[in-house]
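J.: Quick one, structure for this:
(4 chains)
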2 protein chains.
Amino acid sequence: MKRPTIADIARRAGVTKAAVSFALNGQPGVSAATRERILAIAEEIGFQPNSAARALSDGRAGAFGLIIDRPPNMLGIEPWFMQLVAGIQAELSGDHAALLFSTAEDQAAEIAMYRSWWAQRRVDGVFLVDLQINDQRVPVLEELRMPAVVIGTPLGAGSLTAVWQDDAAGIISAVEYLAGLGHRRIARVTGIPRFWHTKIRTDALAEAAQSAGIESISVEADYTRERGAEATRTLLRGPRRPTAIIYDNDLMAISGLISAQRMGVEVPAELSIVAWDDSPLCELVHPPLTALSRDIPAYGAHAARILARVASGEAVGHFQEDPPVLTLRGSTGSPPLVRRLSRA
Amino acid sequence: MKRPTIADIARRAGVTKAAVSFALNGQPGVSAATRERILAIAEEIGFQPNSAARALSDGRAGAFGLIIDRPPNMLGIEPWFMQLVAGIQAELSGDHAALLFSTAEDQAAEIAMYRSWWAQRRVDGVFLVDLQINDQRVPVLEELRMPAVVIGTPLGAGSLTAVWQDDAAGIISAVEYLAGLGHRRIARVTGIPRFWHTKIRTDALAEAAQSAGIESISVEADYTRERGAEATRTLLRGPRRPTAIIYDNDLMAISGLISAQRMGVEVPAELSIVAWDDSPLCELVHPPLTALSRDIPAYGAHAARILARVASGEAVGHFQEDPPVLTLRGSTGSPPLVRRLSRA
DNA sequence: TCGAATCACTATACCGGTTAAGTGTCAATA
DNA sequence: TATTGACACTTAACCGGTATAGTGATTCGA
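T.: A predicted model of the protein is given here:
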């Protein structure tokens, strides 16, 4: 398979490379008839521009990057990532851009890879996920002048553009729903505390609970099954046992559900459970989990669109997604006291 | 940030671009002293070659591709993928090669993307996963002469090199273990039947059961929770109820476990469960699942190494991984009859 | 009817590497 | 002492695009 170049097209059309380039890129400088002839030939021989040549010539790589540095065995279980990539892809493929993807051991390795990609001109920009408080990646990308879009809160994004979803609104909707059911003591098992979205949810919970006049607590965990179960047991054994727990991911929610059930705590009769991020896992267990759902492919697609604009030098403001919505399933209900009252 | 080129190095070293290129690539043609001086300058200014220029010049993209076309919400839950990428990455980054990753709606879209990558010279080769019977991707890649490594069985890989793991051995070890516990009727809930590894496991189960003198059956499913639960219910309600079920992935195994428990079937007292592919999910449930574990990052790393060799024109034979090993947990035990006998 | 403007291209340089061919210097050999 | 050859470079072409500065022919206005 020899891959055709513009020189091949030029030869067949009886013009020079430049004329072909003009025709293919919609530039003036060729007559309508010639343009059409060139396009027909290009179509016929299945011409696609050599990405390296184009990149070298116009100084853009035609690719964007995404690096994840959560531990791989953790990450794999989080379905949001694949959906994010699917969304990004849908958008990029329209522009014939590619996505470079990598995992990294830690943030230092991630940063080293950004530097390398930048030095090699491999990418025109990157997506940043899991933004942390005092995130080291932000100043590095700013220093490199590397176009970047933060997938997450603008807080801490520095001069980088953020595409974000209002996590506080998610918490508020969950708290309002639970408070409406009669819950007066709501707990939450958090993700990794250094992530911005964890802090935002923690603050939002405290505030939402206060304004609803109910009690709340956030217990730190790290998205893993073990810590989720541990936090659940601590909460259920503690002196002020909550009647509802919100988990920062579905894995911990399931692990919490199972721990509760093994302790003889009935869900939802004695304990309501809400998971953050809906996935097939939520429907796996019994009762199925009420969850905060979001349209992650759309999120990815928006981020890709914004990054393309940022990379082309446009000054773009932050973009806010629709807030997550609560998908009601069997794991939530009225707390014990309300049940007793309503039975009477 | 202006990124340095070999011309910058050449200027500072007082030589030409060619000399710099020789020095950097370990080619003869420069004295040891000059070479050292050039390398020192390159190091000092943090030189990294422009990937597009190199790609254009030497005709290799310096990147490999991986496309997945399972539905994204399915895939996300399968941790193996992330681990595979982590393994691939570890190997590629040593060669300063990148990984292009994409998801596709279906196989036609996947094939279209290969053609596009090829025409644009985006990649030097691709990894093929989830090989199907009569897989359309194989002839296309052969036609394009695109270097490719099949991650999976050599069967159906055509002229492509395969890096594979003996799924039959996995089934055999599970059957031998279960038969040793006294099971006489083993079922399996399969993944998507058109995948080669599904067929291999099905055939291996039939054969292993026969040679152990026990009964076996494979029920078709598709890796989803729903079909896994459905298949489990069908098996448990059927006339010849199995005392052990092997599931082709952990999601179905969990869904099967939960279905069984809801039907009042005790695990492992009345039913043993084995999951294929160990992940945190297996330890999430109670009892935790016995599972076939494999070193997936190593798998990915091997595949990457082989693909790099294939892409450089070497004729490489298939590479076989260590077979999966059974990790014993609480979901397996002796079947009811043996229990009664041993109690007597 | 002549100069200027427009059109439709061509010629060519350039992006940043790699590499084949060429050149000047010096030591070893006949 | 002239010849050879190895060495240490330089020159220049090339990869496949894009973009800028020409160039010849036609059209237009005065």
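J.: so how far is the first residue of stretch A:281-295 from its last?
T.: 16 Å (CA to CA, to the nearest Å).
J.: Just give the number of residues close to the closest residue to A:Ile214 other than its chain neighbours.
T.: Excluding its sequence neighbours, the residue lying closest to A:Ile214 (CB to CB, 6 or more residues apart in numbering or on different chains) is A:Arg184, at 4.8 Å. Heads up, the C-betas are built off the backbone N, CA and C, glycines and all. Per other CB atoms under 10 Å in any protein chain shown, the neighbour tally for A:Arg184 reads 18.
J.: residues contacting A:Arg184?
T.: Applying CB atoms under 8 Å, 6 or more residues apart in numbering or on different chains to A:Arg184 gives the contacts A:Ile214, A:Glu215, A:Thr243, A:Pro335.
J.: Show the residue spans covered by the helices in the stretch 151-300 of chain A.
T.: A:167-181, A:196-212, A:225-237, A:250-262, A:296-311 (DSSP state H, counting those that start in this stretch).
J.: any idea of the angle the fourth one forms with helix B:250-262?
T.: Taking axes from the mean of the first three to the mean of the last three CA atoms, to 10 degrees, one finds helix A:250-262 and helix B:250-262 inclined to each other by 20 degrees.
J.: measure the residue nearest to A:Ile214 to B:Pro28 for me?
T.: 80 Å (CB to CB, to the nearest Å).
J.: My guess is A:Glu105 contacts A:Asp69. True?
T.: Yes. With contact defined as CB atoms under 8 Å, A:Glu105 counts as touching A:Asp69 (6.9 Å).
J.: who's more crowded, the two?
T.: Each of A:Glu105 and A:Asp69 has its neighbours counted (other CB under 10 Å); A:Asp69 has more, 20 against 13.
J.: Go ahead and confirm the more buried one touches A:Asp106.
T.: Yes. Taking contacts as CB under 8 Å, A:Asp69 lies within contact range of A:Asp106: 5.9 Å.
J.: what about the stretch 51-200 of chain A, any weak spots by pLDDT?
T.: A:71-78 (pLDDT under 70).
J.: at 50 what do you get?
T.: Low-confidence segments of the stretch 51-200 of chain A, defined by pLDDT under 50: none present.
J.: So which bits of it are right by DNA strand C?
T.: A:Ala53, A:Leu56, A:Ser57, A:Gly59 (CB under 7 Å from any atom of the strand).
J.: Hmm, A:Gly158 is touching A:Gln136, no?
T.: No. The pair A:Gly158 / A:Gln136 is not scored as a contact, 11.3 Å apart, by CB under 8 Å.
J.: Name the residue in the two with the higher neighbour count.
T.: Higher neighbour count among A:Gly158 and A:Gln136: A:Gly158, with 15 against 12, using other CB under 10 Å.
J.: how much space between the more buried one and A:Pro193?
T.: For A:Gly158, the distance to A:Pro193 - CB to CB - is 21 Å.
J.: and what of A:Asp278?
T.: Taking CB to CB, one finds A:Asp278 at 23 Å from A:Pro193.
J.: These two: who's more crowded?
T.: Per other CB under 10 Å, whichever of A:Asp278 and A:Pro193 has more neighbours is A:Asp278, with 24 against 14.
J.: residue contacts, the more buried one?
T.: A:Asp278 touches A:Asp250, A:Ala291, A:Leu292, A:Ser293, A:Arg294, A:Thr327, counting by CB under 8 Å, 6+ apart.
J.: go on, A:His318?
T.: By CB under 8 Å, 6+ apart, the contact set of A:His318 is A:Pro154, A:Ala157, A:Thr161, A:Ala162, A:Val163, A:Trp164.
J.: Just the ones of these in strands?
T.: Counting by DSSP state E, the part of those found in strands is A:Thr161, A:Ala162, A:Val163, A:Trp164.
J.: quick one, what contacts the second one?
T.: Listed by CB under 8 Å, 6+ apart, the contact set of A:Ala162 reads A:Val149, A:Val150, A:Ile151, A:Gly152, A:Thr153, A:Pro154, A:His318, A:Phe319.
J.: so the last one bridges to which residues?
T.: When you say that, I think you mean A:Phe319. Here A:Phe319 sits in beta bridges with A:Val163, going by DSSP bridges.
J.: doesn't A:His302 make contact with it?
T.: Yes. Using CB under 8 Å, A:Phe319 is in contact with A:His302, at 5.8 Å.
J.: Pick out the most distant pair among the contacts of A:Asp278.
T.: A:Asp250 and A:Arg294 (12.3 Å; CB to CB).
J.: hey, what's in contact with both of those two?
T.: Common neighbours of A:Asp250 and A:Arg294 (CB under 8 Å, 6+ apart) are A:Asp277, A:Asp278.
J.: Of the two, which one has the most company?
T.: A:Asp250 (28 against 21).
J.: circling back to that earlier point, which of the contacts of A:Arg184 sits closest to B:Leu178?
T.: A:Thr243 (43.1 Å).
J.: Could you check how far the closest residue to A:Leu24 other than its chain neighbours is from DNA strand D?
T.: Nearest residue to A:Leu24, sequence neighbours excluded (CB to CB, 6+ apart): A:Ala42, at 6.3 Å. Separation of A:Ala42 from DNA strand D (CB to the nearest atom of the strand, to the nearest Å) stands at 10 Å.
J.: Specify the local secondary structure of A:Ala42.
T.: The three-state assignment at A:Ala42 reads helix, by DSSP: H, G, I helix; E, B strand; the rest coil.
J.: cool, the one 4 residues further on as well?
T.: Secondary structure assignment for A:Gly46 (three-state DSSP): coil.
J.: Was I right to think it contacts A:Lys2?
T.: No. Applying CB under 8 Å as the test, A:Gly46 and A:Lys2 come out as separate, 11.3 Å apart.
J.: Neighbour count: those two, which is higher?
T.: Using other CB under 10 Å, the more surrounded residue of A:Gly46 and A:Lys2 is A:Gly46, with 11 against 5.
J.: A:Arg3 versus the more buried one, what's the distance?
T.: 9 Å.
J.: any common contacting residues for those two?
T.: Joint contacts of A:Gly46 and A:Arg3 (CB under 8 Å, 6+ apart) are B:Ala119.
J.: picking up where we left off before, buried ones only from the contacts of A:His318, please, as a ChimeraX command.
T.: The following ChimeraX line selects those of the contacts of A:His318 that are buried, judged by 16 or more other CB atoms under 10 Å in any protein chain shown:
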select /A:154,157,161,162,163,164
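J.: Could you single out the nearest of the contacts of A:His318 to DNA strand D?
T.: Taking CB to the nearest atom of the strand as the measure, DNA strand D lies nearest A:Thr161 of the contacts of A:His318, at 24.7 Å.
J.: residues contacting that closest one?
T.: With CB under 8 Å, 6+ apart, A:Thr161 has these contacts: A:Ala148, A:Val149, A:Val150, A:Ile306, A:Leu307, A:Val310, A:Val316, A:Gly317, A:His318, A:Phe319.
J.: make it 7 Å
T.: A:Val149, A:Val150, A:Ile306, A:Val310, A:Val316, A:His318 (CB atoms under 7 Å, 6 or more residues apart in numbering or on different chains).
J.: Report the separation between the residue nearest to A:Leu24 and chain B.
T.: 11 Å (CB to the nearest CB, to the nearest Å).
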